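**Q** Sharing a model that was predicted from the sequence below.
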Amino acid sequence: MANPKSKSKPEPKYRPVIEPVAHFVFTPTTTHQHLFPAPTAIKALAISTTSSDTQQSLIYIGTLTGAIYLLSLNPAADENDRVSVIKHTLIGNGSAIVSILVVDNLKRIIVLSGDGFLYLLDSFLLEAPKKVSVIKGGVTAFARRFFSKNYSNSDRILPKLNGVKSKEDGSSSISGSSSSSSFFVAATGKKLVLAELVSSGSVVLLKEILGVFEGMIRDLAWVDDSIIFGNKSGYFLYSCISGQCGLIFSLPELSGQPQLKLLVRECRVLLLVDNVGVTVDTEGQPVGGSLVFRGVPDSIGEIGSHVVAVKNGKMELYYKKSGNCVQVVMLSSDAGGGTCVVASQEDVSGEFVAVSMSSKVIFYRKVPWEEQIKDLLRKKCFKEAISLVEELQSEGELTKETLSFIHAQVGFLLLFDLQFEEAVNHFLLSETMQPSELFPFIMRDPNPWSLLVPRNRYWGLHPPPTPLENVVDDGLKTIQRAIFLKKAGIETAVDDEFIVNPPTRADLLEAAIENFIRYMQASRHKDLTPSLREGVDTLLMYLYRALNHVDHMERLASSENSCIVEELEMLLNDSGHLRTLAFLYASKGMSSKALAIWRVLAKVTSGQETAVAEASNILEESSDQDLVLQHLGWIADINPVLAVQVLISDKRSNVLPPDEVIAAIDPKKVEILQRYLQWLIEDQDSDDIQFHTMYALLLAKSALESYEIEHGSQNSEAGTSKELNVSHHGSNSIFDSPLRERLQIFLQSSDLYDPEEVLDLIEGSELWLEKAILYRKLGQETLVLQILALKLEDCEAAEQYCAEIGRPDAYMQLLEMYLDPKDGKEPMFKAAVRLLHNHGEALDPLQVLERLSPDMPLQLASDTILRMLRARLHHHRQGQIVHNLSRALDVDASLARLEERSRHVLINDESVCDSCHARLGTKLFAMYPDDTIVCYKCFRRQGESTSVTGRNFKEDVLYKPGWLVTR
């Protein structure tokens with residue numbers, strides 16, 4: 001099996017999305033036990049997204065004993081110094097810390113204590129905690145207000161208190177706070193309290209919302225103008241705009257406490273129903289699929305596009321879009337039992353997450369996407385790597401260039417893994433990969449394109465480029481090693497298909513070359529530099545030749561290409577691909593070398609016609625006179641039709657010199673010379689007397705030879721075996737019309753040849769019609785009539801010639817020839833009668849009677865004379881009839897004109913002009929033949945021939961019944 005369909009390794013259960021960066025364990029030393037007792041458990045965590053030092057993050061830890069610890073996290077420091085305690089303080093009466101809210105823009109934190117009160121502290125714990133007195137006790141949950149990116153200033157409607165509208169939050173960031181204030185909502189039993197934290201550090205009560213729901217609120221989130229909260233009966237949404245509260249969905253009776261998490265990246269809220277998380281938007285509508293956790297989480301966090309869930313000393317990461325668990329992290333076994341707490345940065349670009357178990361806090365950071373992808377590629381999980389890259393690109397974390405880079409990286413790994421088809425598929429998906437990166441696999445270095453190969457090792461996950469033979473050999477060694485290890489029970493990364501059905505070296509090489517051909521063919525359509533194009537086309541020819549794809553080789557060589565001839569010349573010549581080499585020479589304008597190869601190939605009977613056709617194609621476009629005439633001879637020997645086409649081609653820019661062409665044509669190839677002269681005369685409109693005379697003589701000579709063979713005394717076998725100068729090669733015949741027909745047409749149509757010279761050649765022959773044409777050119781009418789009437793006995797042609805002469809004596813001369821043919825021939829009485837019948841009216845009867853022979857039968861003579869006299873009388877009377885009819889028509893027309901002009905027209909006071917509609921009264925007026933009446937002024941404007949209706953009587957004549965001839 002040369003190239004099995006790519007089969008991914010079993011999908012890994014997890015991939016590294018986050019990695020530990022530091023940890024912190026509460027000990028008497030770290031917690032200053034002389035001031036505060038060591039915490040029994042960590043109850044709350046919070047991470048500040050901003051710090052005075054950009055390399056550090058501030059971590060707030062709330063304990064079961066009511067202490068707040070401020071830690072500094074510096075990932076760039078030494079491993080043992082990355083976490084340090086900055087400050088700690090005690091909240092209230094020592095009640096457990098429920099939650100911590102960081103207000104970065106005001107450098108404040110708000111803490112919810114177990115006693116139900118909110119406390120306000122500065123971000124560095126320098127000041128004593130202040131109880132938020134405007135919100136009475138009993139707070140069960142609270143949250144800041146966040147704004148989505150699509151939330152505009154014009155849409156922001158803030159609650160009012162005592163008729164005074166509070167300041168509008170001018171921030172449009174997803175953190176949802178301005179530089180001067182921050183809004184938050186607190187749940188106290190069954191009511192909601194909206195408040196504002198101002199820059200002075202005081203809290204302003206904005207509004208209290210009562211009686212819109214039942215049950216104690218356990219968790220909530222405020223996004224844009226929607227407050228989403230949950231109690232034991234279900235999840236609800238309160239609209240700050242309409243003041244309406246609606247149920248999103250109810251909780252089952254036996255379900256656990258409601259828990260929700262604001263997904264800052266999408267500005268959506270994740271609602272938990274036991275171990276199922278449902279994501280809703282700001283309208284309370286479910287969005288996307290659900291997240292199914294493996295147990296009811298103790299706490300939920302967010303990092304990038306993943307949701308973090310912790311439970312029973314185990315942390316799980318779920319990809320939001322697919323809902324798949326991509327990583328499971330087992331927390332340290334020495335962390336002790338207790339509830340786990342997770343905290344993440346409330347920022348889109350959050351890189352850290354903190355997880356606590358009892359008295360230990362572990363800090364994790366996001367693994368760079370490069371490392372995630374590298375890990376998958378090392379495990380040969382190529383599909384999963386590409387899937388991850390596409391996910392990252394859809395989230396805007398990767399560019400198209402990076403995606404192309406990774407496709408190329410995957411392609412090279414697949415290539416060395418002998419998965420050639422899949423490798424090339426990935427190469428084709430890479431928009432940045434250059435074809436030159438594959439050149440070292442085809443041709444060993446050094447080669448003309450060695451400097452074009454980019455020195456890019458990608459991530460160093462694959463070996464350097466090496467010829468395909470070496471790739472296959474190394475791959476086969478790996479397969480053999482894997483088979484041996486498989487028998488020993490050791491798993492390897494080699495594809496199972498290769499182990500079950502090991503491929504042969506020949507099959508692998510063929511598959512590799514086939515797929516490299518596919519890539520090079522696709523690369524030809526890219527916008528490449530000239531050097532790259534040369535490399536692609538030349539190496540593509542190498543690949544075709546390796547598999548002996550002759551048709552593809554010839555197609556590439558004969559089409560427009562950038563192949564380097566010097567690189568392919570010896571290769572193609574040694575391998576015997578002379579046709580491909582000839583095509584390549586021709587495409588590069590090296591016509592002389594191409595023709596030399598076609599001349600050699602023409603000597604082989606099987607390829608003779610093809611060689612001649614290709615050679616003629618080259619010569620038809622060549623204006624090199626010496627080259628054309630050099631190869632004309634062998635082409636004419638094989639195919640005279642193509643030889644003529646070479647001479648008369650209209651593809652070349654300059655016409656070949658006729659004199660030199662005529663001199664180069666073999667005198668034995670008479671038909672080729674005839675066709676070339678015909679082309680000069682008819683198509684090139686040559687008026688050279690020499691060419692016209694030469695063409696006429698060649699035709700006449702060929703006609704004589706043909707006539708002698710057809711009518712000679714030789715027997716039929718001798719006649720057919722004798723080689724004629726006139727070609728009769730069937731499909732190779734140059735002329736379609738018969739030889740004598742061409743001779744007669746040319747002698748009759750041309751006036752530039754020398755008729756006496758031609759006549760001298762055929763004078764003693766039986767080519768009587770040709771002689772008649774020549775005598776006619778010389779003006780010898782008597783000889784022409786003698787040949788037509790007596791030799792050819794073509795009465796119709798003789799009478800036609802008399803008509804062309806146009807004199808009555810010509811018919812009389814022809815009649816005399818019929819009656820007295822001379823040379824002992826009998827009189828041609830029937831021809832004479834035909835002449836008298838057809839043209840008797842042109843002859844004088846008296847002269848005819850005088851010429852009639854006494855030997856002419858009386859019956860024929862009487863009929864002829866009677867017919868002549870009747871014709872004369874008929875012609876005379878017919879003339880009289882025509883004369884009288886014409887005179888009658890003239891009289892009739894005059895009478896009709898008189899009657900028309902004598903018509904009376906009645907004009908009264910109501911009569912108006914048909915043109916200007918003015919009353920005529922006593923004005924002069926005119927009337928047209930179509931009965932329209934106009935005043936004299938309009939008549940002068942219209943003219944005599946055009947009426948008001950637009951009819952022009954000169955062009956469109958009007959007829960009336962009374963005008964017809966009635967007598």
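**A** Happy to help now that I have it.

**Q** what's in contact with the helix or strand hosting Met553?
**A** Met553 belongs to helix 550-558 when assigned by DSSP states H and E. Outside of helix 550-558, the residues that reach it under the criterion CB atoms under 8 Å, 6 or more residues apart in numbering are 517, 537, 540-541, 544-545, 563, 577, 579-581, 583-584, 586-587. For the C-beta atoms, the positions are set from N, CA and C on the backbone; glycine is no exception.

**Q** List the ones among these that fall in helices.
**A** Among the contacts of helix 550-558, the members falling in helices are 517, 537, 540-541, 544-545, 579-581, 583-584, 586-587 (criterion: DSSP state H).

**Q** Tell me the one among the residues you listed nearest to Ser686.
**A** Distance from Ser686 was checked for each of the ones in helices among the contacts of helix 550-558 by CB to CB. The minimum falls on Ala586, at 31.2 Å.

**Q** Helix or strand: which one has the nearest residue to the closest one once chain neighbours are set aside?
**A** Of all residues beyond its chain neighbours, the one nearest Ala586 is Ala594 (4.2 Å), with distances taken as CB to CB, 6 or more residues apart in numbering. Element membership of Ala594 [criterion: DSSP H and E] is helix 591-601.

**Q** How far away from the center of its chain is that helix?
**A** Distance of helix 591-601 from its chain centroid, counting by CA atoms, centre = their mean, to the nearest Å, is 38 Å.

**Q** Using CSV, write out every CA atom in the next helix or strand after the helix holding Met553.
**A** In the C-terminal direction, the helix or strand that comes right after helix 550-558 (DSSP H and E) is helix 565-575. Taking only C-alpha atoms (Å, rounded to 0.1, in the frame of the first residue of the first chain), the coordinates of helix 565-575 have been written out as CSV:
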residue,chain,number,x,y,z
VAL,A,565,16.5,23.7,-21.8
GLU,A,566,20.1,23.2,-20.6
GLU,A,567,18.9,21.3,-17.6
LEU,A,568,16.7,18.9,-19.6
GLU,A,569,18.6,18.5,-22.8
MET,A,570,20.8,15.7,-21.8
LEU,A,571,18.2,14.0,-19.6
LEU,A,572,15.6,13.8,-22.4
ASN,A,573,18.2,12.8,-25.0
ASP,A,574,19.6,10.0,-22.9
SER,A,575,16.2,8.7,-22.0
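
**Q** pLDDT at Gln714, what is it?
**A** Gln714 is assigned a predicted lDDT (pLDDT) of 47.

**Q** Quickly list what Arg268 is bridged to.
**A** When bridges are taken as DSSP bridges, the partners of Arg268 come out as Leu263.

**Q** So it sits against Val287, correct?
**A** Yes. In this structure Arg268 lies within contact range of Val287 using CB atoms under 8 Å: 6.0 Å.

**Q** Which one's more surrounded, those two?
**A** For Arg268 against Val287, the residue with the higher neighbour count under other CB atoms under 10 Å is Arg268, and the figures read 23 against 13.

**Q** who touches the more buried one in this structure?
**A** If a contact means CB under 8 Å, 6+ apart, then Arg268 has Val223, Leu262, Thr279, Val280, Asp281, Thr282, Val287 as its contacts.

**Q** Quick check: the nearest residue to Thr946 once chain neighbours are set aside vs Asp931, distance?
**A** Distances taken as CB to CB, 6+ apart put Asn952 closest to Thr946, at 5.0 Å, once the chain neighbours are dropped. As defined by CB to CB, to the nearest Å, Asn952 lies at a distance of 16 Å from Asp931.
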